[in-house]
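> Need a 3D model of the sequence below.
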Amino acid sequence: MELPDKATCYKALQSRDVRFDGLIFVGVKSTGIYCRPVCLFRTAKYENCTFYGSAAAAQEAGYRPCLRCRPETAPQFPSWRGTSNTVSRALTLISEGALDGAGRSVEQLAERLGIGERQLRRLFLQHLGASPVAVAQTRRVLFAKQLIHDTRLPMTEVALAAGFNSLRRFNEVFHNLFHRSPSSIRRKSIVDASAAEQGTILRIRYRTPYDWDSILEFLRARAIPGVEIVEANVYKRTIDIAGKVGFIEVKHCAQKESLCFTIHFPSVQELSDIVNRVRRLFDLGADIDTIGQHLSLDRKLMPLVAQRPGLRAPGGWDGFELAVRAVLGQQISVRAARQLAGKLVALHGKPLSNGSAYPKGLTHVFPTAKCLAGTVLALGMPTSRLETLKAIAQASVKDPNLFQPAASMDKTIAKLLAVPGIGDWTAQYIALRAIREVDAFPASDIGLLRGAAKIFGEPVTAKSLAQRAETWRPWRAYAAQHLWAADTSTSPKPVSMPSGVKESLNSKGNNNELVL
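Residues are numbered from 1 along each chain as shown. A predicted model of the protein is given here:
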């Protein structure tokens, strides 16, 4: 997706069009500030505006973030997605800290992606208008700015949480960018002190529509006893990162088009990782309009998109945990798999040392790969599946990057298939939920086959479904989510054509109806 022409961008700025929020950023020459297109300040003159496809590009051009519209709160809009899978994978790794800390370089990042350093830099400049290092620094600065505005964390902890090696470096970057100190920015913000004492409270915006009810029901059906709870429209779970234990609570703030979550965790250095995991779990970065319009080109799939226009593809909190879930769920129902996961946690999970400090029902953290790799498992399962669990645990200990994206989806799948006992269905499911491969598609899944048979009006095989799914690329993971929803749905909502779909179909004629 290329940046729209300047005239279109300026019209979006004049009308404060929310559809462009996160897609473009405007740098104003007369002020030296860059804003979101929905900023409430008076619209700058056309000749003073320069438009960028990323916040990093605007900062690279010398602009500083607006303190009013706060670019760090814009919904993530991957304008590069569909144009460069390499950039997509690189950004995922950068968000997970691939360029944070001493000894981590662009060269190492490029090596993980299977390309040369010069090629990676060229792709970043082409699609984002900024270098990988600039993108990483912008991410750190904007996350720090969000913590300053929305929390009462001491500045030392804000710097650590955002990935700065020292408070001195943190202050230096802020002075250079904002021409003021971090503390002066905080004085302009208002934070509820009583709420801040209850944990670190943050919000992440998404692009509407967002089907909160569907994603919450999906998580409720799979909630592991002792580890996860879904009640009163709130998702809660225990978390274990680097040996430290805590929990999170996530709820929907529909009026603010965001998810609000509270983090209870003893180490601020893991806050960025926790935020990234929440984004992944609740699929907050999806360009849902583009996905919906593409999938709706299939007239059989179009009614499902119309019924659930904001349906997301839930991710996983932890790659190893999700892989274990996938193996436990082989050839049994979701309910039975959930019970097995609860048994596994009760036998091998780490009990919470101070259970009274946690919400009722949260009693354990999920067992680590190291724990299961060295434990004799007894779950009342076939021996072959127990051996697969052991193999996954051992492979995860050996390769910490096992559940991170490889150079391509095919290589990601191949890496998973190399684990003894992992077949195509399991590899595709892990890639879809844990690694967030948006084109993963477990065609042999019984739920997908039932959902497809329901909408196609005839039985389908894994082979025929895989053939039809070719036209759903590169968003097959979302098509899978719609088929799963169709399989479990008993009373579908009335169909209404999503915005843009009817016009798209009419403009392309009747050749979009697929026949297999």
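
> How about the secondary structure of Pro37?
Secondary structure state of Pro37, per DSSP: H, G, I helix; E, B strand; the rest coil, is coil.

> again but with Phe261, I slipped
strand.

> Can you pull out the residues in contact with the strand ranked longest in the chain?
Across the chain, the longest stretch assigned as strand under DSSP state E is strand 244-253. With contacts defined as C-beta atoms under 8 Å, 6 or more residues apart in numbering, strand 244-253 is touched by 199, 203, 210, 212, 216, 233-239, 259-267, 270, 274, 278, 282, 350, 352-353, 358-359, 362, 365. Heads up, the C-betas are built off the backbone N, CA and C, glycines and all.

> Return the set of buried residues in it.
Val245, Gly246, Phe247, Ile248, Glu249, Val250, His252 (16 or more other C-beta atoms under 10 Å).

> What of stretch 225-234?
Result for stretch 225-234 [16+ other C-beta under 10 Å]: buried residues Pro225, Gly226, Val227, Glu228, Ile229, Val230, Val234.

> any chance of those in a markdown table, with pLDDT, distance to Ala414 and secondary structure too?
Listed next are those as a markdown table, based on pLDDT from 0 to 100; distance: C-beta to C-beta, whole Å; DSSP: H, G, I helix; E, B strand; the rest coil:
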| residue | pLDDT | distance to Ala414 | secondary structure |
| --- | --- | --- | --- |
| Pro225 | 96 | 34 | coil |
| Gly226 | 96 | 34 | strand |
| Val227 | 97 | 30 | coil |
| Glu228 | 97 | 31 | strand |
| Ile229 | 97 | 36 | strand |
| Val230 | 96 | 35 | strand |
| Val234 | 97 | 39 | strand |
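
> Out of those residues, which is nearest to Val87?
Glu228 (33.0 Å; C-beta to C-beta).

> sorry, back to before: now go through the contacts of strand 244-253 and say which are in strands.
203, 234-239, 259-264, 350, 365.

> Show the buried residues in these.
234-239, 259, 261-264, 350, 365.

> any chance of the residues you listed in TSV, with distance to Lys463 too?
Listed next are these as TSV, based on distance: C-beta to C-beta, whole Å:
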residue	distance to Lys463
Val234	42
Tyr235	37
Lys236	41
Arg237	37
Thr238	41
Ile239	40
Leu259	39
Phe261	42
Thr262	46
Ile263	45
His264	48
Lys350	43
Val365	41
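
> burial count for Leu304?
Neighbour count of Leu304, defined by other C-beta atoms under 10 Å: 26.

> for the residue nearest to it when sequence neighbours are not counted, what are its contacts?
Nearest residue to Leu304, sequence neighbours excluded (C-beta to C-beta, 6 or more residues apart in numbering): His482, at 4.2 Å. By C-beta under 8 Å, 6+ apart, the contact list for His482 reads Leu295, Leu301, Leu304, Val305, Arg308, Leu311, Gly451.

> where along the stretch 401-516 of the chain do the helices fall?
409-417, 424-433, 446-456, 462-469, 476-488, 501-508 (DSSP state H, counting those that start in this stretch).

> what angle separates the fifth one from helix 424-433?
If I follow you right, that is helix 476-488. 110 degrees (axes from the mean of the first three to the mean of the last three C-alpha atoms, to 10 degrees).

> Tabulate the CA atom coordinates of helix 476-488 in PDB.
Provided in PDB are the C-alpha atoms of helix 476-488 (Å, rounded to 0.1, in the frame of the first residue of the first chain):
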ATOM      1  CA  ARG A 476      -6.300 -16.800   4.900                       C
ATOM      2  CA  ALA A 477      -5.900 -16.700   8.700                       C
ATOM      3  CA  TYR A 478      -8.900 -14.300   8.800                       C
ATOM      4  CA  ALA A 479     -10.900 -16.500   6.400                       C
ATOM      5  CA  ALA A 480     -10.200 -19.400   8.800                       C
ATOM      6  CA  GLN A 481     -11.600 -17.300  11.700                       C
ATOM      7  CA  HIS A 482     -14.800 -16.700   9.800                       C
ATOM      8  CA  LEU A 483     -15.200 -20.400   9.000                       C
ATOM      9  CA  TRP A 484     -14.600 -21.300  12.600                       C
ATOM     10  CA  ALA A 485     -17.200 -18.700  13.600                       C
ATOM     11  CA  ALA A 486     -19.700 -20.100  11.000                       C
ATOM     12  CA  ASP A 487     -19.100 -23.600  12.400                       C
ATOM     13  CA  THR A 488     -20.100 -22.600  16.000                       C
END
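
> which parts of it are buried?
Buried, per 16+ other C-beta under 10 Å, within helix 476-488: Arg476, Ala477, Tyr478, Ala479, Ala480, Gln481, His482, Leu483, Trp484, Ala485, Ala486, Asp487.

> Can you get me a residue count around the closest residue to Val106 other than its chain neighbours?
Excluding the flanking residues, the one nearest Val106 by C-beta to C-beta, 6+ apart is Pro132, at 5.0 Å. Residues near Pro132, counting by other C-beta under 10 Å, number 26.

> Arg19 too?
The number of residues near Arg19, taken as other C-beta under 10 Å, comes to 15.

> which residues does it contact?
Counting by C-beta under 8 Å, 6+ apart, Arg19 has contacts Ala12, Asp289.

> ok, it to Asp287 distance?
11 Å (C-beta to C-beta, to the nearest Å).

> Dump the buried residues of strand 244-253 into JSON lines; add distance to Gly423 and pLDDT as well.
JSON lines is the format used below for these (distance: C-beta to C-beta, whole Å; pLDDT from 0 to 100):
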{"residue": "Val245", "distance to Gly423": "33", "pLDDT": "95"}
{"residue": "Gly246", "distance to Gly423": "35", "pLDDT": "95"}
{"residue": "Phe247", "distance to Gly423": "34", "pLDDT": "97"}
{"residue": "Ile248", "distance to Gly423": "32", "pLDDT": "97"}
{"residue": "Glu249", "distance to Gly423": "36", "pLDDT": "97"}
{"residue": "Val250", "distance to Gly423": "32", "pLDDT": "97"}
{"residue": "His252", "distance to Gly423": "36", "pLDDT": "97"}
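
> what's the most distant pair in these?
Top of the distance list for the buried residues of strand 244-253 (C-beta to C-beta): Val245 and His252, 25.7 Å.

> low pLDDT regions in this structure?
1-2, 77-84, 188-197, 490-516 (pLDDT under 70).

> Show me where it has its strands.
Using DSSP E, strands in the chain cover 25-28, 33-35, 49-52, 64-65, 200-205, 228-231, 234-241, 244-253, 258-264, 350-351, 364-365.

> Out of the ones you listed, which is closest to Phe403?
Nearest to Phe403, of the strands of the chain and by C-beta to C-beta, is strand 234-241 at 14.3 Å.

> what angle sits between that closest one and strand 258-264?
50 degrees.

> same for strand 234-241, what does it pack against?
Helices and strands touching strand 234-241, as assessed by 3 or more C-beta pairs under 8 Å, 6 or more residues apart in numbering; DSSP states H and E, comprise strand 228-231, strand 244-253, helix 271-281, strand 364-365.

> Any idea which of the ones you listed gets closest to Gly97?
helix 271-281 (7.1 Å).

> Specify the angle between that closest one and strand 244-253 in degrees.
Using the same axes, to 10 degrees: helix 271-281 against strand 244-253 is 50 degrees.

> Touching helix 271-281 from outside, list them.
76, 95-97, 143, 147, 161-163, 200, 202, 204, 239, 241, 248, 250, 259, 261, 263, 265, 284-285, 314-318, 436.
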